[in-house]
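I would like the atomic coordinates for the input below:
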Amino acid sequence: MPGRNGRKPASPRAPDLTGARRHTDMRAPILLVHDTDDDVAAPSQARAFADAYGPQARLIETTGLGHRRILADPEVIASAVEFVMSETLARRV
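Here you go, the predicted structure:
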């Protein structure tokens, strides 16, 4: 099944990762980072995923980074590190 850009998903499991389906066995906190200008994956999927998982998921939306530049953005990296560190500290307490 082609994505928004006409290409097939990178993984055969990619169709399973949809906001329309909540995986009941996923228990870890979830950080979603998605750019509103993403031309590969629809931003609505990240929103649906966050809605499906409720307080278990945290969605950070960016603008102007597209699909790939998001990975090198200093603010995104800082937010991801903060998320991981806060979850790590919460588990130690």
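
All the strands of this protein, in order from the start?
30-35, 57-62 (DSSP state E).

want to throw these into JSON lines with distance to residue 45, mean pLDDT and mean neighbour count?
Yep, even glycine has a C-beta here, placed from its N, CA and C like the rest. JSON lines is the format used below for the strands of the chain (distance: least, C-beta to C-beta, whole Å; pLDDT from 0 to 100; neighbours: other C-beta atoms under 10 Å):
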{"stretch": "strand 30-35", "distance to residue 45": "8", "mean pLDDT": "95", "mean neighbour count": "19"}
{"stretch": "strand 57-62", "distance to residue 45": "11", "mean pLDDT": "96", "mean neighbour count": "16"}
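
Out of those strands, flag the one nearest residue 83.
strand 30-35 (4.6 Å; C-beta to C-beta).

Packing partners of the closest one?
Applying 3 or more C-beta pairs under 8 Å, 6 or more residues apart in numbering; DSSP states H and E, we find strand 30-35 packed against helix 43-53, strand 57-62, helix 74-92.

Alpha carbons of it, as CSV, please.
Taking Å, rounded to 0.1, in the frame of the first residue of the first chain, the C-alpha atoms of strand 30-35 are listed here in CSV:
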residue,chain,number,x,y,z
ILE,A,30,5.3,7.1,24.1
LEU,A,31,6.9,10.2,22.6
LEU,A,32,5.6,11.2,19.2
VAL,A,33,7.4,14.0,17.2
HIS,A,34,5.8,15.0,13.9
ASP,A,35,6.1,17.9,11.6
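
Can you pull up the most central residue in this protein?
Geometric centre of the chain, nearest residue: residue 32, 2.8 Å, by C-alpha atoms, centre = their mean.

List the contacts of that residue.
The neighbourhood of residue 32, defined by C-beta atoms under 8 Å, 6 or more residues apart in numbering, consists of 46, 49, 50, 57, 58, 59, 60.

so the second one makes contact with residue 57?
By that I understand residue 49. Yes - counting by C-beta atoms under 8 Å, residue 57 is a contact partner of residue 49 at 6.6 Å.

shared neighbours, the two?
Common neighbours of residue 49 and residue 57 (C-beta under 8 Å, 6+ apart) are 30, 32.
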